[in-house]
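Participant: After the sequence you'll find the predicted model.
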Amino acid sequence: MFEGLFSSEAQFTRGFTAIAHHGAAAASLLRDALRDRSKRTASLTAIKHLVKESGATAHDLRVRVARTLVTPLDREDIGLLVSRLEGVLRSVERSAAIVLVASALLAPLCWLHYAPILLIPAAAWLRGR
């Protein structure tokens with residue numbers, strides 16, 4: 001009758017770990033996209049897929065928190081952690097979009113010469129959001 005009503009640390013830890021692994025994999029794919037132009041489209045598509053998967057995991061965590069008995073402080077902490085982990089993935093996704101647009105605009109130019117011109121304002125913009 002009361003099965004699954006009380007919180008279990010393990011069920012939340014698995015979700016946090018899955019989102020964190022998605023973030024690390026997305027960052028690795030972004031690094032590959034920057035290093036090898038031929039892998040760029042595949043890497044950016046994979047990043048979008050990882051963001052979508054982590055969004056589903058985050059949704060599942062939020063539903064699980066709502067359905068279990070969790071203290072209000074724990075509920076806030078869990079929500080904050082999920083939001084911050086999702087924020088990492090969204091930042092990687094935005095950076096990947098900037099790489100895609102920059103590669104289309106600067107295709108005839110050497111990327112290494114113009115990277116600081118694009119990445120410094122992009123980093124400032126991302127930091128401000």
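Facilitator: The structure has been received and is ready for your questions.
Participant: residue ranges with poor pLDDT in the chain?
Facilitator: Applying pLDDT under 70 to the chain flags the ranges 1-8, 72-73, 104-120, 123, 125, 128-129.
Participant: what residue lies at the spatial centre of it?
Facilitator: Nearest residue to the geometric centre of the chain (Cα atoms, centre = their mean): residue 89, 1.0 Å.
Participant: now the helix ranked longest in the chain: how far from the chain's centre is it?
Facilitator: Identified as the longest helix of the chain according to DSSP state H is helix 72-105. Centroid separation for helix 72-105 versus its chain: 4 Å, with Cα atoms, centre = their mean, to the nearest Å.
Participant: what's the answer for stretch 9-27, then?
Facilitator: That offset, for stretch 9-27, works out to 10 Å (Cα atoms, centre = their mean).
Participant: Could you pull out the strands in the protein for me?
Facilitator: With strands called from DSSP state E, the chain shows none.
Participant: Helices of that one, residue ranges please.
Facilitator: Under DSSP H, the chain gives helices at 9-35, 40-67, 72-105, 111-128.
Participant: Now do the same contact list for the residue nearest to the centre of the chain.
Facilitator: 19, 22, 23, 26, 50, 51, 54 (Cβ atoms under 8 Å, 6 or more residues apart in numbering). From N, CA and C alone the C-beta is placed, and that goes for glycine too.
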